Each structure stands twice: as C-alpha cells, then as structure tokens.
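J.: sequence and predicted structure below; questions after.
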Amino acid sequence: METKELLAYFLPDGILEYFELKDVKSSNKRLTFILEEKPLPIAEQSEKRLHSKGFYAPVQIQDFPIRKKACYLEVKRRRWINIDTKELYSRDWDLVAKGTRKTSEFALFLKRFIG
C-alpha cells in the first residue's frame, strides 16, 4: 500500500484529490495535517482566464481523533484572479459543517452520537 493510499484512510473522503499534504505536526495531545490546495483549474470557471494568486489565510478544522490525539486539518485554500477583470475566485468547499470548525463528517458523527 502506498503512503497516499494509506493517508486517505485518515483524511476526509476525496480531500487528497484537491489538496496536497505539506506537513504533519504532532505533540502529546494533538495531530495537525497541513494541507495546501493544488493549483488545479476551477472547472466551473473554465471559460474565464484564471491565474493562481496565492492563498487565503490557513483555517484549522477539527476532525476525528486519531490514537487518542485531537486531530486538526490546517487548510490553505488557493485564490484565483481573473486576468481580464481582476475578480478573485476560489473553489466552493463543503469541508466544514455549518456553524462549526469541524469537518462535515465529524460534525455529523457527533450529532448522531450526542443526540
């Protein structure tokens, strides 16, 4: 089994399709996966001339614990600029459950578990 395939078991479904793992930070009680959005063109904006224009500030999202450690995803989302109009674009991600800083999967699990 390859590292990327193994890593997919610990991260939200499909995230490695659009994000690259840059680093993993570990302490006694916390594990943080540092993820950076890949420079893949936005399919919904394919008719526009977009250019990658850096990143938004990283966001920390809580996910399922791993081996008794709190697990966080530090996500750096990419910004795109329309070369012609100078408008900024980004992908519409559904990683975070509404009103929380938890992954959608983790929030759904908690909701079912807690009630």
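T.: Perfect, thanks for sending it.
J.: when you work out contacts or count neighbours from here on, use the C-alpha atoms and nothing else.
T.: Will do.
J.: which residues does residue 36 form beta bridges with?
T.: residue 20, residue 76 (DSSP bridges).
J.: pLDDT score for it?
T.: As predicted, residue 36 sits at a pLDDT of 95.
J.: what's the distance between it and residue 50?
T.: Here the criterion is C-alpha to C-alpha, to the nearest Å. By it, residue 36 lies 18 Å from residue 50.
J.: the helices in the protein, which residues?
T.: Counting by DSSP state H, the segments of the chain that form helices are 3-7, 15-18, 104-114.
J.: hey, least reliable of the ones you listed by pLDDT?
T.: helix 104-114 (a mean of 61).
J.: show me the strands in the chain, by range?
T.: All strands of the chain, identified by DSSP state E, fall at 19-26, 30-37, 50-55, 59-66, 69-76, 78-82, 88-89.
J.: comparing those strands, which yields the minimum mean pLDDT?
T.: Taking the mean pLDDT of the strands of the chain, strand 88-89 comes last: a mean of 82.
J.: that one pairs with which strands?
T.: strand 78-82 (antiparallel).
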